[in-house]
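1. below: sequence and its predicted model.
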Amino acid sequence: MKIDLNSDMGEGFGRWRIADDDGLMDVISSANIACGFHAGDYAIMNRTVQRAKEKGVGIGAHPGLPDLIGFGRRSMSISDADMEAMMVYQIGALQAVAAMHGHRVTHVSYHAAFGNMANADAGLALRLTRAIAALDRELTVFCMPGQLTERAAETAGLRVQTLFLADRAYTSLGTLVPRDQPGAVIHDLAAIRARVRQFLEDGSVTTSVGSRLQVKAQSILVHSDTPGSLELAKAIRSEIEATGAVLTPAFRLHD
């Protein structure tokens with residue numbers, strides 16, 4: 001079995017760092033790179049792409065809303081046309097940086113409120129995936145299973161890679177427990193290991209109310225801004241390897 005381990009990366013700004021990106025790059029197989037709107041800047045993008053190329057890590061664009069102070073986690077009143085334009089702008093910027101380093105952007109993973117807004121409006125979801133297809137029909141769209149983005153990407157003729165979020169609590173409906181609720185973000189290393197082991201064994205996760213939920217995914221996400229993210233990523237990777245699965249960048253999962 002092939003499993004991708006990915007993380008949102010390059011989410012600092014200027015001299016400020018939000019995670020140990022260099023350490024994480026030694027552990028993960030795919031990086032979702034912030035493109036300067038919710039976090040990141042030209043220098044961080046450049047350094048992150050270069051590091052990914054050196055480590056053989058696949059890269060994808062992680063477009064977000066223009067909200068540095070809110071870290072892209074607050075909804076904004078933005079037209080569909082502007083959502084499309086800002087997404088294309090961010091993907092294109094990362095594609096240019098990647099080309100300079102002889103690397104290639106292979107996927108797109110929406111950040112936080114940007115993704116929430118896309119998944120609340122079928123028309124917007126389809127508009128965005130069609131724009132991605134216009135940029136590069138070989139791009140894979142990352143999303144949680146069952147979301148509007150998954151259906152929209154399939155309609156646009158794009159490949160979809162569904163995600164299991166190792167460090168976030170799930171509701172019984174398969175959505176994420178809102179971050180402002182207790183237990184929404186999981187920090188405990190033993191709990192993370194148990195969740196990943198359960199997912200790898202039978203494709204399920206235990207929800208916030210104790211029920212079991214099937215999660216159809218082949219890629220595991222750990223957020224770099226979760227405290228202790230490097231140790232969490234190492235624990236997840238060890239669980240993956242303990243099952244005999246092969247850690248594989250997302251763009252090679254279907255080779």
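-> On my side now, so go ahead. Numbering: from 1, shown residues only.

2. now for the helix or strand hosting residue 192, which elements pack on it?
-> When secondary structure is defined by DSSP states H and E, residue 192 falls within helix 189-202. Contacts defined by 3 or more CB pairs under 8 Å, 6 or more residues apart in numbering; DSSP states H and E place helix 189-202 against strand 204-206, helix 229-242. The C-beta positions use only the backbone N, C-alpha and C, and glycine is treated the same way.

3. which one of those lies closest to residue 107?
-> helix 229-242 (18.1 Å; CB to CB).

4. and the angle from the closest one to helix 189-202?
-> With axes from the mean of the first three to the mean of the last three CA atoms, to 10 degrees defining the directions, helix 229-242 sits at 30 degrees from helix 189-202.

5. quick check: which of the helices and strands packed on helix 189-202 is buried the most?
-> With neighbours defined as mean count of other CB atoms under 10 Å, the helices and strands packed on helix 189-202 peak in mean count at helix 229-242, which reaches a mean of 20.

6. for it, list the C-alpha coordinates in PDB.
-> The C-alpha atoms that make up helix 229-242 are tabulated as PDB, following Å, rounded to 0.1, in the frame of the first residue of the first chain:
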ATOM      1  CA  SER A 229       3.900  19.100  14.500                       C
ATOM      2  CA  LEU A 230       7.300  17.700  13.800                       C
ATOM      3  CA  GLU A 231       7.000  15.000  16.500                       C
ATOM      4  CA  LEU A 232       3.400  14.300  15.300                       C
ATOM      5  CA  ALA A 233       4.600  13.900  11.700                       C
ATOM      6  CA  LYS A 234       7.400  11.500  12.900                       C
ATOM      7  CA  ALA A 235       4.900   9.500  14.800                       C
ATOM      8  CA  ILE A 236       2.500   9.300  11.800                       C
ATOM      9  CA  ARG A 237       5.400   8.200   9.600                       C
ATOM     10  CA  SER A 238       6.400   5.500  12.000                       C
ATOM     11  CA  GLU A 239       2.900   4.200  12.100                       C
ATOM     12  CA  ILE A 240       2.800   4.200   8.300                       C
ATOM     13  CA  GLU A 241       6.100   2.300   8.000                       C
ATOM     14  CA  ALA A 242       5.000  -0.200  10.800                       C
END
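
7. can you tell me what sits against that helix?
-> Helix 229-242 is touched from outside by 3, 5, 7, 19-20, 23-24, 27-28, 166-167, 189, 192-193, 196-197, 200, 220, 222-223, 226, 247, with contacts defined as CB atoms under 8 Å, 6 or more residues apart in numbering.

8. dump the helices and strands packed on helix 189-202 into TSV; add mean pLDDT as well.
-> Compiled in TSV, the helices and strands packed on helix 189-202 are given as follows (pLDDT from 0 to 100):
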stretch	mean pLDDT
strand 204-206	98
helix 229-242	97
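
9. rebuild those as JSON lines, extending it with distance to residue 12.
-> Written out in JSON lines, the entries for the helices and strands packed on helix 189-202 read as follows (distance: least, CB to CB, whole Å):
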{"stretch": "strand 204-206", "distance to residue 12": "30"}
{"stretch": "helix 229-242", "distance to residue 12": "13"}
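
10. of all those, which one is nearest residue 33?
-> The closest of the helices and strands packed on helix 189-202 to residue 33 is helix 229-242. By CB to CB, the value is 15.3 Å.

11. which SSE is the closest residue to residue 148 other than its chain neighbours in?
-> With CB to CB, 6 or more residues apart in numbering as the measure, residue 125 is the residue that lies nearest to residue 148, at 4.2 Å, once sequence neighbours are left out. Of the helices and strands defined by DSSP H and E, residue 125 is found in helix 122-135.
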